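Peer 1: My questions concern the predicted model and sequence given below.
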Amino acid sequence: GIKVIICGCTQYANLIGTSIGYTIATAISM
């Protein structure tokens with residue numbers, strides 16, 4: 001149903017946000 005789609009999108013966005021944050025933190029520390 002629609003809840004599964006929303007949950008999937010939320011997890012996907014969270015994963016991308018974590019990846020971007022990690023990349024920025026690494027770039028700053030370097």
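Peer 2: All right, it came through fine. It should be emphasised that the depicted structure is a prediction, and the values quoted were computed from it without experimental measurement.
Peer 1: model confidence over the helix or strand where I5 lies, on average?
Peer 2: Here I5 sits within helix 2-29, counting by DSSP states H and E. Mean pLDDT, computed over helix 2-29, is 95.
Peer 1: could you say what helices and strands it packs with?
Peer 2: Helix 2-29 is packed against no helix or strand, with contacts defined by 3 or more CB pairs under 8 Å, 6 or more residues apart in numbering; DSSP states H and E. Any C-beta I mention is one placed from the backbone N, CA and C, and that applies to glycine too.
Peer 1: now it, how far from the centre of its chain.
Peer 2: 0 Å (CA atoms, centre = their mean, to the nearest Å).
Peer 1: Give me the buried positions along it.
Peer 2: For helix 2-29, burial by neighbour count (16 or more other CB atoms under 10 Å) applies to no residue.
Peer 1: In CSV, could you pull the C-alpha coordinates for stretch 10-29?
Peer 2: Extracted in CSV, the C-alpha atoms of stretch 10-29 (Å, rounded to 0.1, in the frame of the first residue of the first chain):
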residue,chain,number,x,y,z
THR,A,10,11.8,7.9,4.0
GLN,A,11,14.5,5.2,4.5
TYR,A,12,16.0,6.1,1.1
ALA,A,13,16.1,9.8,1.9
ASN,A,14,17.6,9.1,5.3
LEU,A,15,20.3,6.9,3.7
ILE,A,16,21.2,9.6,1.2
GLY,A,17,21.3,12.3,3.9
THR,A,18,23.6,10.1,6.0
SER,A,19,25.9,9.5,3.0
ILE,A,20,26.0,13.3,2.2
GLY,A,21,26.7,14.2,5.8
TYR,A,22,29.5,11.7,6.1
THR,A,23,31.0,12.9,2.8
ILE,A,24,30.9,16.5,4.0
ALA,A,25,32.4,15.6,7.4
THR,A,26,35.2,13.7,5.7
ALA,A,27,35.9,16.6,3.3
ILE,A,28,36.0,19.1,6.2
SER,A,29,38.3,16.9,8.4
